[in-house]
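> Okay, predicted coordinates and the sequence, questions at the end:
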Amino acid sequence: MTTSSVSPTASSASTPGTGLGEISLQPPAWSRVTRRLFGHRGLAIGLIVVGLAILIAIFAPLLAPHDPYHQDIANRMVPPVWHDEGSWEHVLGTDKLGRDTLSRLLFGTRISLTIGLVVALISGVIGTTLGVLAGYFGGRVDAVISYVITTRLAMPVVLVALALASLTGGSLTTVILLLGLLLWDRFAVVSRSVTQQVRDAEYVFAARTLGCSLPYILLREVLPNIAGSLIVVMTLEMAHAILLEATLSFLGMGVQPPLPSWGLMVAEGKAYMFFQPWVIAIPGIALFVLVLAINLLGDGLRDLNAPGGRN
Amino acid sequence: MGTFIVRRILVAMSVALTISIVSFMLLHLSGDLATSIAGPEATAEQVEQIRVDYGLDRPIVSQYLDWLGDALTFDFGRSYYYQSTVVDLIVDRMPVTLTLGGLALALAVGISIPLGVLAALKRDTWIDRLALLFAVVGQAMPSFWFGLTLIVVFAVTLQWLPAAGSDGWQHFVLPAIALGYYATPAMMRLTRTGMLEVLESDYIRTARAKGLRTGSVIFKHALRNAIIPVVALAAVELGFMLGGSVVIESVFSLNGLGQLAWDAISRNDYPVVQAVVLIIALFYIVLTLLADVANAALDPRIRTR
């Protein structure tokens, strides 16, 4: 399911590093960083796959063997190369309009990554602002913001996103805006609880005593020290947004044809899945691998971020 | 405890009210309902006619207050598309979604708790890693695609189960698996961490030192404490699954609330959309309320917060 679990219980699992302050003060030597990064197998796999996906997204026009929008009715539903009737001309076959699946898949990376990144940025700004304010001020501010978070959590995301996307006419931009405005809850929950722990730290107290302005304290003292936890949430929300976009597009309310969204590719292949199962298998696996890699990256970063280092 | 429950109920009720306002405003302000209902072919006069007929020309606040007044007496108006009231439609479709959600939850609990306990007991062995893999895969699997894959494998290729419809129990097996797998990873992980924490605690060491048998220590003492947050999470997950059933019901053509909502969305049947969003949110609110109260009953420290 792609509503994905944003529960207070699950998000509290990403405990903030109490040792964060020391890390950011004394950056470790690069060799140690790389050893820590690659010593963690999940993190290494995640990094490599996400890195590859980014390269594919950037160089899609160079890598794609065909124009992803070019229709060739004479070559409809060509099976992939490992199939008896497949050919190297269309390595992953063609769809019902004769468009090259591999090229559409490569260009689809752009859509998924754009959605993931921009949604995580928008929701990150909204959620972190709310969470930091609630955590730093406590009291009535916290009560109001916590209420807003509770209300947001009780809204069924998939349903609301579907309804609003249908009303506003689904497109890449509306999907990004909708998800960005809906998925900030985990950012808010996590940044609120981490800020509560940082709020009374000595360096924040020192800055306050020195008479630093509030924006200075929040941006220069609090934010850098909760950044580790936020990056973990960011990866999780990227994965969440990518899955939700695919779901909306699959249900016909998200990214519209002829854009090569992976969710849309599954929807377009649905009618053929009984006899040509690869039409849904290929975009589905691409989606799965990208989301898996982002999650592995997030899990790995969380382990590095945890007070005890790896566990 | 009494004041805690009363306070939580008041918060829950005001959250429900806020959601009804927010969803009403979102639906009415993010596009022109009259234009959507009239369709692309309609003339300007027809759109205006619809605006007046459906009462959409009145100020939005008075529209909302009317709607709310009716909703409080469980009157959600009439469907624009079906010849029946919204309440009848919802009552008609609800059992399918509740059956699906209940089965999916049972499946998720039945898999995630034993697996989480096992992973904690066999920490850092291949069993633990396999359980982790199971969780990681579940988190990354797009549910609509997992559902389609189940159909291709079990309904079409192996022909063990039906692919679509909602007539008998067989129709619920594959959708429940697709929906339940989504809730499993979080619950499995929480069980595992909870068990690991509890197993290292003093009272477990005491129980072991007393010479209690390992099985009794694990099930009577450790699991009982580790499972408290998992029960709360299960309630929350059920709420999410009811909201997410729109995807699974559409994949498996199950005739439940989710399917109703999706049909209503594609047909611009807004009274139905508005009601389903509110009903699903109410389920979530009641479930989290129950989870909170259960948690507070089991753990007195929570009440003072």
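Sure thing, it's come through.

> only C-alpha atoms for contact and neighbour calcs from this point on.
Noted.

> Mind telling me what element residue 268 is part of?
You didn't pick a chain, so chain A it is. Residue A:268 is part of helix A:262-269, with elements assigned from DSSP states H and E.

> Let me rephrase: I mean chain B.
Per DSSP H and E: nothing holds residue B:268, as it lies in no helix or strand.

> and residue A:209, how many neighbours?
Using other Cα atoms under 10 Å in any protein chain shown, residue A:209 has 9 neighbouring residues.

> can you list the weak-confidence ranges in the stretch 201-311 of chain A?
A:306-311 (pLDDT under 70).

> now the one residue sitting closest to the centre of chain A, nearest residue through space, not along the chain?
By Cα atoms, centre = their mean, chain A has its centre lying nearest to residue A:238, at 0.7 Å. Nearest residue to residue A:238 in three dimensions, chain neighbours excluded: residue A:116, at 4.2 Å (Cα to Cα, 6 or more residues apart in numbering or on different chains).

> Identify the residues contacting that neighbour.
A:237-242 (Cα atoms under 8 Å, 6 or more residues apart in numbering or on different chains).

> distance of it from chain B?
Using Cα to the nearest Cα, to the nearest Å, residue A:116 is found at 14 Å from chain B.

> which two in the contacts of residue A:116 are spaced the farthest apart?
Using Cα to Cα, these span at most 8.4 Å, a distance reached by A:237 and A:242.

> Which one of those two is surrounded by more residues?
Neighbour count, other Cα under 10 Å: between residue A:237 and residue A:242, residue A:237 has more, with 30 against 27.

> Please point out which parts of the helix or strand hosting that one sit buried.
Residue A:237 belongs to helix A:223-250 when assigned by DSSP H and E. Under the neighbour-count criterion of 16 or more other Cα atoms under 10 Å in any protein chain shown, helix A:223-250 has A:223, A:225-250 buried.

> before we move on, back to that, and the helix holding residue A:268, what other elements does it pack with?
helix A:101-137, helix A:223-250, helix A:278-305 (3 or more Cα pairs under 8 Å, 6 or more residues apart in numbering or on different chains; DSSP states H and E).

> That one relative to helix A:278-305, how many degrees between them?
With axes from the mean of the first three to the mean of the last three Cα atoms, to 10 degrees as the basis, helix A:262-269 and helix A:278-305 are set at 160 degrees to each other.

> got the angle for helix A:262-269 vs helix A:101-137?
Using the same axes, to 10 degrees: helix A:262-269 against helix A:101-137 is 140 degrees.

> Can you read off the backbone torsions of residue B:254?
Dihedral angles of residue B:254 (phi, psi; degrees, to the nearest 10) stand at phi -80, psi 140.

> surely it meets residue B:164?
Yes - at 6.7 Å, residue B:254 counts as touching residue B:164 under the criterion of Cα atoms under 8 Å.

> neighbour-wise, which of the two wins?
More neighbours surround residue B:254 than the other of residue B:254 and residue B:164, with 26 against 20 (other Cα under 10 Å).

> so what's residue 283 up against?
You didn't pick a chain, so chain A it is. The contact partners of residue A:283, by Cα under 8 Å, 6+ apart, come to A:105, A:262-263, A:265-266.

> um, chain B though
Applying Cα under 8 Å, 6+ apart to residue B:283 gives the contacts residue B:239.

> Mind checking what secondary structure it has?
helix (DSSP: H, G, I helix; E, B strand; the rest coil).

> Could I get the pLDDT score of it?
The model reports residue B:283 with a pLDDT of 92.

> where in the stretch 101-250 of chain B is pLDDT low?
B:166.

> Could you list the buried residues of stretch B:92-111?
For stretch B:92-111, burial by neighbour count (16+ other Cα under 10 Å) applies to B:93-94, B:96-98, B:100-109, B:111.

> now stretch A:276-289
Quick answer for stretch A:276-289 (16+ other Cα under 10 Å): A:276-289.

> got a markdown table for those residues, with distance to residue B:181 too?
Converted to a markdown table, the buried residues of stretch A:276-289 look like this (distance: Cα to Cα, whole Å):
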| residue | distance to residue B:181 |
| --- | --- |
| A:276 | 25 |
| A:277 | 22 |
| A:278 | 23 |
| A:279 | 23 |
| A:280 | 20 |
| A:281 | 19 |
| A:282 | 21 |
| A:283 | 20 |
| A:284 | 16 |
| A:285 | 17 |
| A:286 | 19 |
| A:287 | 17 |
| A:288 | 14 |
| A:289 | 17 |
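
> what does the stretch 201-311 of chain A have sitting close to chain B?
Contact residues, the stretch 201-311 of chain A versus chain B (Cα under 8 Å from any Cα of the partner chain): A:239, A:243, A:246-247, A:250-251, A:266, A:273-274, A:277, A:280-281, A:284, A:287-289, A:291-292, A:295-296.

> rerun that using 6 Å as the cut-off
A:288, A:291-292 (Cα under 6 Å from any Cα of the partner chain).

> thinking again about what came up before, which one of the contacts of residue A:283 is nearest to chain B?
residue A:266 (7.6 Å; Cα to the nearest Cα).

> contacting residues for that closest one?
residue A:280 (Cα atoms under 6 Å, 6 or more residues apart in numbering or on different chains).

> what's the spacing between it and residue B:250?
Counting by Cα to Cα, to the nearest Å, the separation of residue A:266 from residue B:250 is 14 Å.

> try residue A:44
Counting by Cα to Cα, the gap from residue A:44 to residue B:250 is 37 Å.

> Correct me if wrong: residue A:99 contacts residue A:74.
No - applying Cα atoms under 6 Å, one finds residue A:99 not in contact with residue A:74, separated by 10.5 Å.

> These two: who's more crowded?
Shown here are residue A:99 and residue A:74; by other Cα under 10 Å, residue A:99 has more neighbours (24 against 9).

> count of residues packed around the residue in chain B positioned nearest to chain A?
Nearest residue of chain B to chain A: residue B:143, at 4.4 Å (Cα to the nearest Cα). Each residue near residue B:143 was counted by other Cα under 10 Å, and the total is 27.

> Pull up the gap between residue B:65 and residue A:74, please.
Distance from residue B:65 to residue A:74, by Cα to Cα: 59 Å.

> cool, and residue A:253?
Counting by Cα to Cα, the gap from residue A:253 to residue A:74 is 30 Å.

> element containing residue 206, please.
Unless you meant another one, I'm taking chain A. Per DSSP H and E: helix A:202-209 holds residue A:206.

> Chain B was what I was after
For residue B:206, the host element (DSSP H and E) is helix B:202-209.

> Tell me the spacing between residue A:40 and chain B.
14 Å.

> Which residue is the nearest non-sequential neighbour of that residue?
Spatial nearest neighbour of residue A:40, excluding adjacent residues (Cα to Cα, 6+ apart): residue A:300 at 6.9 Å.

> these two touch, right, the one you found and residue A:43?
Yes - between residue A:300 and residue A:43 there is a contact under Cα under 6 Å: 4.6 Å.

> what's residue A:184 in contact with, if anything?
A:123, A:127.

> tell me the phi and psi of it?
Torsion angles, degrees, to the nearest 10, at residue A:184: phi -90, psi 0.

> measure it to residue A:128 for me?
As judged by Cα to Cα, residue A:184 and residue A:128 stand 8 Å apart.

> Disregarding flanking residues, what is the spatial nearest neighbour of residue 122?
In the absence of a named chain, chain A is used. residue A:180 (5.1 Å).

> right idea, wrong chain: chain B
Closest to residue B:122 by Cα to Cα, 6+ apart is residue B:128, at 6.1 Å.

> Could you tell me how many residues sit around residue B:250?
The number of residues packed near residue B:250 is 21, by other Cα under 10 Å.

> Now for it: which residues touch it?
Neighbours of residue B:250 in contact, by Cα under 6 Å, 6+ apart: residue B:259.

> tell me the angle the helix or strand that contains it makes with helix A:223-250.
Assigned by DSSP H and E, residue B:250 belongs to helix B:223-252. Going by the same axes, to 10 degrees, helix B:223-252 is angled at 40 degrees with respect to helix A:223-250.

> Pull out the buried residues from helix B:223-252.
Residues of helix B:223-252 classed as buried: B:223, B:225-252 (neighbour count, 16+ other Cα under 10 Å).
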